[in-house]
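Student: 3D model of this:
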Amino acid sequence: MHIEDYALIGDCQTAALVGRDGSIDWLCWPRFDSPACFAALIGGPEHGCWKLGPADSSTRVERRYRSDTLVLETDFVTAEGAITVIDFMSLGASGSHLARVVAGCRGRVRVRTELALRFDYGFAMPWMTRLDNGRLRAVAGPDMVVLDTPVELRVQRHSAIAEFEVSQGDRVPLVLMHSASHREPPAPIDALESLRATECFWKAWADRCQAKNEWSDAVRRSLITLKALTYAPTGGIVAAPTTSLPECLGGARNWDYRYCWLRDATLTLLALMNAGYRDEASAWREWLLRAAAGDPEHMQIMYGIAGERLLPESELTWLPGYENSKPVRIGNAASEQRQLDVYGEVMDALHQGRKIGIEPSDFAWELQCALAAHLEKIWQEPDEGLWEVRGPQRHFTYSKVMCWVAFDRVIRAAEQFGRSGPVERWKRIRAQIHDDVCRHAFDAGKGSFVQSYGSSEPDASLLLIPITGFLPATDPRMLGTVRAIERELMDAGFVRRYRTRAELDGLPPGEACFLACSFWLADNYLLQGRYQDARALFERLLAVRNDVGLLAEQYAPALGRQLGNFPQAFSHVALVNTAFNLAERRKPAADRAVA
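Tutor: Numbering: from 1, shown residues only. Below you'll find the model as predicted:
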C-alpha cells in the first residue's frame, strides 16, 4: 500500500496505522518510541500485522472518521452483504487497548482475521498460549499482549487465525491489550462502552476548536492529529508516529521521527493557542522547559517524549524497508548535531507563551538568560542547520537568523514584561547578527538570500525570515528571495527544501517536495498582499491530503504520492497556521513577526 493509504488511530500515548484494506500494519506499544508489535509497513507481512476483513473479496471499500473523532470506520461491501470495521484506541481505560468492532450492516458476511504479532520491530516472535477463559496471550521478553474476543481463534505458526460470520445487527469485538509480561493479564474491557467513551472524548475535545471559517473541517482534523501525536503524560508532541518511511523511494533518506523537536516549538504553540487549546499549549511549553533544562552547552535539538537525551541511531538489518528503502533506522543521530536555530525557537516559544498569557515562569526566564549567555559565545560558529545535513558544517542563513531571533525575544521580554538582564549588550549582539546576515547571506547578483554564507543556492527555510520579524515580507530582498524560490525550488506548484547534493548531505541526492515549506510560501504570499496566490496554493495543498485528511512529510508531484514519515505533525501545524493566516483579518504570522 502507499503511505497515504493509511489512517491513524491513537490514545495520546501510542498510535497505530490502519490500511485502506483494514490491515493494521504499524503499532508501537506501550508508547510511540517503543519496539513495534507490528512492523509490516517497513518489513512486510512476515514482520507482523493484523488483517481483518471479508474472507471473500469485497466489491467496494470506503472509510472515514466518525465526525470529529479518531474513531475509524471502514465499510466492506460483498456479494453476500456489508460490514463495517470500527477501529479505535480506547481512551479512559487503564492501560493501552486497541479495539476493533465488526458491525454487520446488511446480509451475512464471512469474516477472516489473522493476527501476526512480532516484537522488537519484527525481530521477535512471541510465544502464543490460550488462557483458561479463552483469551489469547502472546509473550516475548518484557512484553505481553492479550487478545480478548468471543471469536474462537486457532494458533497457527505464530499467528492467531479465525473465520466467523457476521449478520446484520451483530457487533463482534476484538480487543488487543498490552502489559508487562511479569504481570497478570490485563482485565477485559467492554469494547462497545469504550467506543462510546472514546467517541465522546474526541468530540468534546474537537468542540473546543475556535476555528470558524471555510477551512474549519481541515483545521479540526489537523488539530485532532496533533492531539493524537501528543504523549499525554508529559505533553511532548512527536514529529510522527513512524520511522524510516522514505523521502525518496528506494533511497537512504529514512529517519526515525518518533521524537520531539525543539524546532517545532513556536509554530506548534501558536497553532494550538490560535485554535483555543490553551491547556495543550501550556503542557507543550512545560515539556519544552523540562527538556531544555540543564547546561545550555549541551542543549539538544530533539529529545524523547519524556525528555530523554540519549537517542542512539542504529540500523535494523533484518527489515527490507518500505518499498525496499534501506536502511531502516531507529534512534536519530541528528540529536547530537549542533543546530543553532533551536536557540531562537526556544526563546521565541517562551516569548510567544508570555504574549498569549501562559502563566509566567521565573525558571523560564533564568533558562533564557543562560541560553543567551551561551549563544553569545557560539553564534558565529557553523552548524548542521535545520535540515540536519550529514555533510560538513556551514554558516546556514536560517541558523543565523534564528540567533537574531533569540536575542530579539529576550530583549522584548525584558522591555515588555519587566524581566531584568543585560539588555544593552543583547541589543548590540542583535544588531551585529542582523548586519552579519545581510552582508554575508544576501547575493546581490541574484537579488536573493541564499542557503549559507558564500553559497549561491536557494533554501525554503528563507521563507521564514519575514515570519520571524527579521525583515518585512515586502522588503526588496525578500521579494527577490521568494522569486528565487519560485524559480529554482518549485516543482509542479509545490516547494522543495533545497537542491539535495551529496557534498552537502553526505547522502545520495533526491527527495520529494516538503509540504511545510509550501505552506510557508503561502504565508509569504499573504504577507506580500498576494491573497489569491496564497489561497490557490493552500487549496492545492489541501487536495494532497488523503481521503481521511492526513498529510505525510513530503509529496512527490510526478508520482502523485505522499512520502516520508506519516502522519507528520509539522505538515499539520503548517496547515493550521496558514488557514488562520488566510481567514483572520489580523494575521497570526504578522503577530509573531512584530513579537
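
Student: contacting residues for residue 396?
Tutor: With Cβ atoms under 8 Å, 6 or more residues apart in numbering as the criterion, the residues that contact residue 396 are 340-341, 382-386, 451-452, 459, 461. All C-beta atoms are positioned from the backbone trio N, CA, C, and that covers glycine.

Student: Also residue 478?
Tutor: In this structure, residue 478 makes contact with 449, 465-466, 471-472, 524, judged by Cβ under 8 Å, 6+ apart.

Student: per-residue pLDDT, it?
Tutor: As summarised for this prediction, residue 478 has a pLDDT of 98.

Student: Am I right that it falls within a strand?
Tutor: No: with DSSP: H, G, I helix; E, B strand; the rest coil as the criterion, residue 478 is assigned helix and is not in a strand.

Student: what's the spacing between it and residue 151?
Tutor: 62 Å (Cβ to Cβ, to the nearest Å).

Student: ok, for residue 500, nearest residue in space, not its chain neighbours?
Tutor: Taking Cβ to Cβ, 6 or more residues apart in numbering as the measure, residue 500 lies nearest to residue 509, with 4.1 Å between them; neighbours along the chain are not counted.

Student: What residues does that neighbour make contact with?
Tutor: The contact partners of residue 509, taken as Cβ under 8 Å, 6+ apart, are 499-502.

Student: Now list the buried members of those.
Tutor: Neighbour-count burial (16 or more other Cβ atoms under 10 Å) applied to the contacts of residue 509 gives residue 500.

Student: CSV for the contacts of residue 509, including pLDDT?
Tutor: Written out in CSV, the entries for the contacts of residue 509 read as follows (pLDDT from 0 to 100):
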residue, pLDDT
499, 93
500, 90
501, 85
502, 81
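
Student: thinking again about what came up before, which SS class is the residue nearest to residue 500?
Tutor: Assignment for residue 509 (three-state DSSP): coil.

Student: State the mean pLDDT of stretch 336-355.
Tutor: Mean pLDDT, taken over the full extent of stretch 336-355, equals 93.

Student: whoops, stretch 431-439 was the one
Tutor: Computed over stretch 431-439, the mean pLDDT rounds to 98.

Student: mind listing what's buried in it?
Tutor: For stretch 431-439, burial by neighbour count (16+ other Cβ under 10 Å) applies to 433-434, 436-437.

Student: How about residues contacting it?
Tutor: The contact list for stretch 431-439, computed with Cβ under 8 Å, 6+ apart, reads 379-380, 397, 400-401, 403-404, 407, 470, 477.

Student: If we only consider the contacts of residue 478, which is nearest to residue 352?
Tutor: Distances from residue 352 to those, taken as Cβ to Cβ, are shortest for residue 466 (16.3 Å).

Student: Quick check, pLDDT for that closest one.
Tutor: Per-residue confidence at residue 466 stands at 97 (pLDDT).

Student: Tell me how many other residues surround the nearest residue to it once chain neighbours are set aside.
Tutor: Taking Cβ to Cβ, 6+ apart, and ignoring the residues beside it in sequence, residue 466 has residue 473 as its nearest neighbour in space, at 3.8 Å. Using other Cβ atoms under 10 Å as the criterion, residue 473 is surrounded by 23 other residues.

Student: Let the chain start at 46 from now.
Tutor: All right, first residue 46 from here; so that's residue 518.

Student: any chance you could map the helices in the stretch 146-295 of the chain?
Tutor: Using DSSP state H, counting those that start in this stretch, the helices of the stretch 146-295 of the chain run over 236-251, 261-273.

Student: ranking those helices by burial, who's on top?
Tutor: helix 261-273 (a mean of 22; mean count of other Cβ atoms under 10 Å).

Student: and it, what's its mean pLDDT?
Tutor: Mean pLDDT, helix 261-273: 97.

Student: So which elements touch it?
Tutor: Packed against helix 261-273 by the contact rule (3 or more Cβ pairs under 8 Å, 6 or more residues apart in numbering; DSSP states H and E) you find strand 51-55, helix 236-251, helix 310-319, helix 614-628.

Student: would you list every one of the strands in the stretch 446-595 of the chain?
Tutor: Under the criterion DSSP state E, counting those that start in this stretch, the stretch 446-595 of the chain carries strands at the ranges 487-488, 493-494, 535-536, 539-540, 558-559.

Student: Let me have the helices and strands packed on helix 261-273 in JSON lines, adding mean pLDDT and distance to residue 221 as columns.
Tutor: What follows is the helices and strands packed on helix 261-273, written out as JSON lines (pLDDT from 0 to 100; distance: least, Cβ to Cβ, whole Å):
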{"stretch": "strand 51-55", "mean pLDDT": "98", "distance to residue 221": "12"}
{"stretch": "helix 236-251", "mean pLDDT": "96", "distance to residue 221": "11"}
{"stretch": "helix 310-319", "mean pLDDT": "89", "distance to residue 221": "30"}
{"stretch": "helix 614-628", "mean pLDDT": "96", "distance to residue 221": "25"}
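
Student: could you dump those to TSV with distance to residue 121?
Tutor: As requested, those are arranged in TSV below (distance: least, Cβ to Cβ, whole Å):
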stretch	distance to residue 121
strand 51-55	15
helix 236-251	19
helix 310-319	36
helix 614-628	29
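
Student: Out of the ones you listed, which is closest to residue 370?
Tutor: Comparing the helices and strands packed on helix 261-273 by their distance to residue 370 (Cβ to Cβ), the top pick is strand 51-55, with 16.0 Å.

Student: Could you list every helix and strand in contact with the helix or strand that the closest one is followed by?
Tutor: Counting by DSSP states H and E, the next helix or strand C-terminal to strand 51-55 is strand 60-64. In this structure, strand 60-64 packs against strand 51-55, strand 69-73, strand 126-134, with contacts taken as 3+ Cβ pairs under 8 Å, 6+ apart.

Student: Relative to residue 608, which of the ones you listed is closest?
Tutor: Evaluated with Cβ to Cβ, these place strand 51-55 nearest to residue 608, the distance being 12.9 Å.

Student: now the closest one and helix 236-251, what's the angle there?
Tutor: In this structure, strand 51-55 runs at an angle of 90 degrees to helix 236-251, with axes from the mean of the first three to the mean of the last three Cα atoms, to 10 degrees as the basis.

Student: just how off-centre is strand 51-55 within its chain?
Tutor: Strand 51-55 sits 12 Å away from the centroid of its parent chain (Cα atoms, centre = their mean, to the nearest Å).
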